[in-house]
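how would this look folded up:
(chains A and B)
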Amino acid sequence: KAGVTQTPRYLIKTRGQQVTLSCSPISGHRSVSWYQQTPGQGLQFLFEYFSETQRNKGNFPGRFSGRQFSNSRSEMNVSTLELGDSALYLCASSFSDYGYTFGSGTRLTVV
Amino acid sequence: EDQVTQSPEALRLQEGESSSLNCSYTVSGLRGLFWYRQDPGKGPEFLFTLYSAGEEKEKERLKATLTKKESFLHITAPKPEDSATYLCAVQGDGGTSYGKLTFGQGTILTVHP
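Below is the predicted model of the structure:
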């Protein structure tokens, strides 16, 4: 059974640019959540999508957005990148809101 | 607002030396408490979900327990391969908790041979 797949694994961007990260959930999982992990703040919830609808959102600025497609794949976008956006971005999928499987993450470096 | 505090921040053990990690939490209504293991540069790996006070779960050398205010992860006779960061997270049962886990800062466990 394939796990949660995140692409790309590594990304280097310049301040002011925008970036799109992709997440393919486990087959059959309809819920996809996104998290930002930094050494200082730990794991912080960005947003959650279920059946193409955003059901929940964390306390991040509007530069962070996401969407989910009909096949449950999800993308998150960060516009006008700042140095502080450098982090490991993790996606997690769930079948029933009772267990969450994480991907390996995308390491974003903003220079 | 849900809160999770883990202690200690770091723990160094000798191989075979058993110990426990603590996770204290506050949540308006608990949907689930989760334990994950994370290796450097990788995503968190699921270990356990606990749903109600008094519940216990075991997997190999790990045992997780839950009370109304805290959870413990007991490690029996650890091996060097158990070295990792152990993360505790809670999910509330309100409508604003969809897909949202609130994580602690983690405990960095190092097991020396």
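
any idea of the pLDDT on the residue minimising distance to the centre of chain A?
Centroid-nearest residue in chain A: residue A:34, 3.6 Å away (criterion: C-alpha atoms, centre = their mean). pLDDT, residue A:34: 98.

cool, and residue B:106?
On pLDDT, residue B:106 comes in at 98.

Neighbours of it, how many?
Using other C-beta atoms under 10 Å in any protein chain shown, residue B:106 is surrounded by 23 other residues. Yep, even glycine has a C-beta here, placed from its N, CA and C like the rest.

Then residue B:40?
Residues near residue B:40, counting by other C-beta under 10 Å: 7.

Run through the residues that contact the residue in chain B that chain A sits nearest to.
Scanning chain B for the residue nearest chain A gives residue B:99, at 2.8 Å (criterion: C-beta to the nearest C-beta). Each residue near residue B:99 by C-beta atoms under 8 Å, 6 or more residues apart in numbering or on different chains is listed here: A:31-33, A:45, A:47-50, A:55-56, A:92, A:94, A:97, A:100.

Disregarding flanking residues, what is the spatial nearest neighbour of it?
In space, not counting the residues next to it along the chain, residue B:99 is nearest to residue A:48; the distance is 2.8 Å by C-beta to C-beta, 6 or more residues apart in numbering or on different chains.

Can you report how many residues neighbour the one you found?
28.

which residues does the closest residue in space to residue A:9 that isn't next to it in sequence bridge with?
Once flanking residues are discounted, residue A:9 sits nearest to residue A:106: 6.3 Å by C-beta to C-beta, 6+ apart. Beta-bridge partners for residue A:106, by DSSP bridges, are residue A:89.
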